[in-house]
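*Asks:* Prediction below, plus the sequence it came from.
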Protein chains: 2
Amino acid sequence: MPADQLSSTFHALADPTRRAILSSLTTGEKTVSDLAEPFDMSMPAITKHLKVLEKAKLIERSKQAQYRPCRLHPEPLKDIDEWMEQYRKFFEASFNRLDDYLKEIQTKKEE
Amino acid sequence: MPADQLSSTFHALADPTRRAILSSLTTGEKTVSDLAEPFDMSMPAITKHLKVLEKAKLIERSKQAQYRPCRLHPEPLKDIDEWMEQYRKFFEASFNRLDDYLKEIQTKKEE
DNA sequence: TCTTTATTTAACTATTAGGTTAATTAACTG
DNA sequence: CAGTTAATTAACCTAATAGTTAAATAAAGA
């Protein structure tokens, strides 16, 4: 895994456990045990996955008593989104971006 | 590297050489030698990078005489783009999508 | 046919990834 | 203070990565 930021972000995302952890953090801060619970995997394995996510700056950690809660740090995902820009024209017609936006505001009205 | 498609796509992108190869293919089909030229790396190393991209279905290959030209196959990038959707609200205000779109059609008008 | 060009395969090496179990650290709790 | 809970570190294993050089394959061209 080369040292540049984009490579380290892509590398961190190239594992379903780590993607599931990220997804789990979209609903808010979680402890390591909370994050580990859905997986049939030892705690040290989870600790290692968290280190990979932390090095990629996709999560941030703090201390609360004996807990080390994690929260999502989404900025590197924005970098990926920007990297994708050069490829969007190859897989997506331009007008779909507007379609997405229109669907989005439609959904909000219905709430 | 787990077997699922998204992991294999992210893994393929987690290397600057492979991303540069993809980028180089945005201007059209290229031979292996063409693709290898910018890199201070042996041909077998490039062959291996191409295999990773091919397994991730990010490139497709054909045969022309002794050449094995490569072309971009962007569909897996679309899957990443869709995966990103759940995180966009964390790094991007909704209205920016419309801003992007408006800038895009503005640029087209100027052409 | 012999040679050159394009590319891949084979064999090898060093490093990293992703997991394990056992031991350690740190902080709360009775 | 002793015990429990939360999490990390250490030590280890196996498989995969990412590179190398040298040999093999395939097609073109003289």
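*Replies:* Alright, I've got the coordinates. Numbering: from 1, shown residues only, chains lettered A, B, ... in the order given.
*Asks:* use CA for all of it now, contacts and neighbours both
*Replies:* Will do.
*Asks:* List the contacts of A:Ala65.
*Replies:* Under the criterion of Cα atoms under 8 Å, 6 or more residues apart in numbering or on different chains, A:Ala65 has no neighbours.
*Asks:* so how far is DNA strand C from it?
*Replies:* A:Ala65 is 4 Å from DNA strand C, where distance means Cα to the nearest atom of the strand, to the nearest Å.
*Asks:* per-residue confidence for the residue nearest to the spatial centre of chain A?
*Replies:* Geometric centre of chain A, nearest residue: A:Leu22, 4.3 Å, by Cα atoms, centre = their mean. pLDDT recorded at A:Leu22 is 98.
*Asks:* from what I can see it touches A:Leu72, true?
*Replies:* Yes: with contact defined as Cα atoms under 8 Å, A:Leu22 counts as touching A:Leu72 (6.7 Å).
*Asks:* any shared contact partners between the two?
*Replies:* Contacts common to A:Leu22 and A:Leu72, judged by Cα under 8 Å, 6+ apart, are A:Leu58, A:Ile59.
*Asks:* Give me the distance from the helix or strand hosting A:Leu6 to the chain's centre.
*Replies:* A:Leu6 is part of helix A:5-13 when elements are defined by DSSP states H and E. Relative to its chain's centre, helix A:5-13 lies at 11 Å (Cα atoms, centre = their mean, to the nearest Å).
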